[in-house]
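Colleague: Got a predicted structure plus its sequence, pasted below:
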Amino acid sequence: MANDKKAVLVGTPDVNGGVYLAPAGTSLPTDSVTSLAGTYVACGYVSDGGLQLTPSVSTADIREWGGNLVRRIVQTFDGTLSWEFLQTDEQSMKATFGTSAVTVTAANSTHGKQLAVKLSAALAPSGVWVFQIKDGDNKVRIVVPDGQITTVGEVSFVSGDAIKWPVTLSCYPDSSGNSIYIYTDDGQLSS
């Protein structure tokens, strides 16, 4: 295929939100255009650093008696996604630390809505994660069938910048052996 500048995409989040989470076992989307089921919850703004996908493959060499390489095999595969939540609210904290780590107290006549977040040695439970990206008519959807936030990075509380919650999502394989699915749609309809 020839060079096609329409296939050069930018990673802008969909206008309705970029990061969604649903409970483990929720039906997975299988394309980039079908609306997400009601169990998917938007997790809030992500910082301008965007989303990073890091596939990692380790291999082992098989050599013949004379030392020549005859085959390279995959030993391990690991995929992670990382980003910074830009919001400090119920959804982003539950996604980061788990529902059981977040207590919400409704607003009343003496205080506003309150959150209590408990940080401990426990990880948030795994779930189904969806990341939605749009560039004009082009759509990209990244689906993680079994993902768990396993790292929360350093959080800075400074007057000159937003509080950011850097996280890394570990992606575990589903029953088909796949950890991450990427779906695209170029938005170009045929007549």
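Modeller: Yep, that arrived. Numbers count the residues shown, from 1 in each chain.

Colleague: Could you tell me how many residues sit around Gln52?
Modeller: Look at Gln52: counted by other Cβ atoms under 10 Å, it has 11 neighbours. In this view, the C-beta of every residue, glycine as well, is placed from N, C-alpha and C.

Colleague: which residues does it contact?
Modeller: 81-83 (Cβ atoms under 8 Å, 6 or more residues apart in numbering).

Colleague: what about stretch 57-68, average pLDDT?
Modeller: In this model, stretch 57-68 carries a mean pLDDT of 93.

Colleague: How about residues contacting it?
Modeller: 69-77.

Colleague: Among the contacts of Gln52, which lie within strands?
Modeller: Among the contacts of Gln52, the members found in strands (DSSP state E) are 81-83.

Colleague: Just give me the closest of the residues you listed to Gly177.
Modeller: Closest approach between the ones in strands among the contacts of Gln52 and Gly177, by Cβ to Cβ: Leu81, at 18.3 Å.

Colleague: Chain neighbours aside, what residue packs nearest to the closest one?
Modeller: Spatial nearest neighbour of Leu81, chain neighbours left out: Leu169 (4.6 Å); criterion: Cβ to Cβ, 6 or more residues apart in numbering.

Colleague: these two touch, right, the one you found and Trp129?
Modeller: Yes: Leu169 lies in contact with Trp129 (Cβ atoms under 8 Å); the separation is 6.3 Å.

Colleague: Let me see the ranges of the helices in the chain.
Modeller: Under the criterion DSSP state H, helices of the chain are mapped to 90-97.

Colleague: so what's the nearest residue to Thr39 once chain neighbours are set aside up against?
Modeller: Excluding the flanking residues, the one nearest Thr39 by Cβ to Cβ, 6+ apart is Ala22, at 4.6 Å. When contacts are counted by Cβ under 8 Å, 6+ apart, Ala22 touches 36-37, 39-41, 127-128, 130.

Colleague: Using JSON lines, please lay out those together with distance to Gly147 and pLDDT.
Modeller: Formatted as JSON lines, the contacts of Ala22 follow (distance: Cβ to Cβ, whole Å; pLDDT from 0 to 100):
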{"residue": "Leu36", "distance to Gly147": "15", "pLDDT": "92"}
{"residue": "Ala37", "distance to Gly147": "17", "pLDDT": "84"}
{"residue": "Thr39", "distance to Gly147": "15", "pLDDT": "93"}
{"residue": "Tyr40", "distance to Gly147": "13", "pLDDT": "95"}
{"residue": "Val41", "distance to Gly147": "14", "pLDDT": "94"}
{"residue": "Gly127", "distance to Gly147": "7", "pLDDT": "97"}
{"residue": "Val128", "distance to Gly147": "7", "pLDDT": "98"}
{"residue": "Val130", "distance to Gly147": "10", "pLDDT": "97"}
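
Colleague: Now neighbour count too, for the residues you listed, in CSV please.
Modeller: Putting the contacts of Ala22 into CSV (neighbours: other Cβ atoms under 10 Å) gives the following:
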residue, neighbour count
Leu36, 19
Ala37, 13
Thr39, 14
Tyr40, 21
Val41, 18
Gly127, 25
Val128, 24
Val130, 24
